[in-house]
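Engineer: sequence first, then the predicted structure, then my questions.
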Amino acid sequence: MSDPYASLIADARSFFAALSRNNNRDWWQEHKDGYDTKLKVPALALLDEMCAPLAEITGEAITPKLFRPHRDVRFSKDKTPYNTHLHMMWSVAGGGRQDPVFFFGIAPEYVTVGAGMMGFDKPVLEDWRKFVDLDGARVAGIIAGVAAHGYAPRAPDLKRVPPAFAADHPQGELLKYKGFVMSGNLPRMGAVNSDLRAAFTQLWPLNDLLLSIAAA
């Protein structure tokens, strides 16, 4: 079976490598048509195509999003106007207080896939800590199962265990998180869409856990 997205990764990495060397409005305007035709159009098609498989995997409604290329520089010391990556995201609408997401990112230095909640809303953070405190072995087991497929969590947000819990809590590292995401390299076995489906299936137990916490 042919891969309708066969060139997307190579085209995106090439485009953003060039953009990183010429991150200015003149270069962007000159090359915007290439971004639209080679990157934006297939990325939007991929976002739409993956909704049905993700709905099948999760049993929930899926909302896709393509992140815009323009950076918000209002509060940043870095005033370069454009992102040098192509990021896609699918939100899982589980009916809880916060939706976990699956994501796919392409940049000159990475091709990554992942899942989770970037930052917990306050009530979800409180329940994350309750789950970790009361059923930490199960939470850690789910995370270990996802990690066995090659995905790793980001570094904890806190340097110390929150003061409501003992410093030597058996799941102290998990209590340091204020959001939880796991990511890794996209496994390249075949077509991009089938590789994403395989990766999202591996990552699903994490988002399933987060859905249950958000629904508590």
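Structural biologist: That came through fine.
Engineer: tell me the SS of the residue nearest the centre of the chain?
Structural biologist: With distances taken as C-alpha atoms, centre = their mean, F103 lies nearest the centre of the chain, 3.3 Å away. Look at F103: counting by DSSP: H, G, I helix; E, B strand; the rest coil, its state is strand.
Engineer: pLDDT weak spots in the chain?
Structural biologist: Where the chain drops to pLDDT under 70, the residues are 1, 216.
Engineer: can you point me to the longest helix in this protein?
Structural biologist: The residue-count maximum for a helix in the chain (DSSP state H) belongs to helix 122-147.
Engineer: and the following helix or strand past that one, how far out from the chain's middle?
Structural biologist: Moving toward the C-terminus from helix 122-147, the next helix or strand (DSSP states H and E) is strand 152-153. Relative to its parent chain, strand 152-153 has a centroid offset of 11 Å by C-alpha atoms, centre = their mean, to the nearest Å.
Engineer: which neighbouring elements make contact with strand 152-153?
Structural biologist: strand 180-185 (3 or more C-beta pairs under 8 Å, 6 or more residues apart in numbering; DSSP states H and E). All C-beta atoms are positioned from the backbone trio N, CA, C, and that covers glycine.
Engineer: so for the following helix or strand past the strand it packs on, what gets flagged as buried?
Structural biologist: Heading C-terminal from strand 180-185, the first helix or strand you meet, by DSSP H and E, is helix 192-214. Residues of helix 192-214 classed as buried: 192-193, 195-200, 202-211, 213-214 (neighbour count, 16 or more other C-beta atoms under 10 Å).
Engineer: please apply the same query to stretch 114-130.
Structural biologist: G114, A115, G116, M117, F120, V124, L125, D127, W128, R129.
Engineer: dump those residues into TSV; add distance to R160 as well.
Structural biologist: As requested, the buried residues of stretch 114-130 are exported to TSV (distance: C-beta to C-beta, whole Å):
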residue	distance to R160
G114	26
A115	27
G116	22
M117	22
F120	18
V124	21
L125	16
D127	21
W128	17
R129	14
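Engineer: thinking again about what came up before, quick one, phi/psi of the residue nearest to the residue nearest to the centre of the chain when sequence neighbours are not counted?
Structural biologist: Using C-beta to C-beta, 6 or more residues apart in numbering and skipping residues adjacent in sequence, the residue nearest F103 is M89, 4.6 Å away. Phi and psi for M89, reported as degrees, to the nearest 10, are phi -150, psi 140.
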